[in-house]
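> could you look at this predicted model? Sequence included:
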Amino acid sequence: MSAEQEVLAAAADLVSAFGSHDRDRYFACFAPEATFLFHSAGALLGSRAAYEKDWDGWVRDGFQVLGCVSTQQRVDLLSEDVAVFTHCVRTRLRDGDGETTLAERETIVMRRDPEGRWLGVHEHLSVDPSQ
């Protein structure tokens with residue numbers, strides 16, 4: 001399997017875990033030192049633990065991911081161990097206000113760990129202005 005195929009497989013696992021609201025599997029797709037920048041958040045989340053803490057608070061408030069679809073996927077290999085994955089995502093979710101569908105674009109910088117697994121080290125999520 002090529003590095004590009006490995007990154008696409010890792011991204012598919014991440015999207016699948018997120019889309020099925022599988023918290024543990026989803027967060028296992030990111031390195032502990034990963035950072036997260038979301039258009040809906042007031043500041044950069046400086047670690048996976050910080051994001052997990054926010055996620056758990058959202059769940060207490062009724063947050064649940066109902067589904068997620070990834071399109072327009074692209075992989076840019078920067079080296080044999082670093083890649084940038086970009087795509088468009090449509091996410092159905094439920095929160096305290098009811099159900100909604102979000103149209104967003106996402107960039108995930110991925111790094112191959114010593115065991116050969118591709119993990120996210122930075123995620124940036126923005127609103128998709130084409131939707």
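Sure thing, it's come through. Because the structure is a prediction, the values reported are computed rather than measured.

> quick one: low-confidence parts of the chain?
Low-confidence segments of the chain (pLDDT under 70): none present.

> residues contacting Val82?
Val82 is in contact with 109-112, counting by CB atoms under 8 Å, 6 or more residues apart in numbering. Backbone N, C-alpha and C define where each C-beta goes, glycine included.

> where does the closest residue in space to Gly46 that isn't next to it in sequence land in three-state SS?
What sits nearest to Gly46 in space, not counting adjacent residues and going by CB to CB, 6 or more residues apart in numbering, is Thr35, at 5.7 Å. Using DSSP: H, G, I helix; E, B strand; the rest coil, the structure places Thr35 in strand.

> please verify my assumption that Thr35 contacts His124.
No: using CB atoms under 8 Å, Thr35 makes no contact with His124, being 9.1 Å away.

> ok, which stretches of this structure are helices?
Taking DSSP state H, the helices of the chain run over residues 3-19, 23-27, 48-60.

> nearest to Cys68, out of the ones you listed?
Nearest to Cys68, of all the helices of the chain, is helix 3-19, at 3.3 Å by CB to CB.

> kind regards, and thank you for your time.
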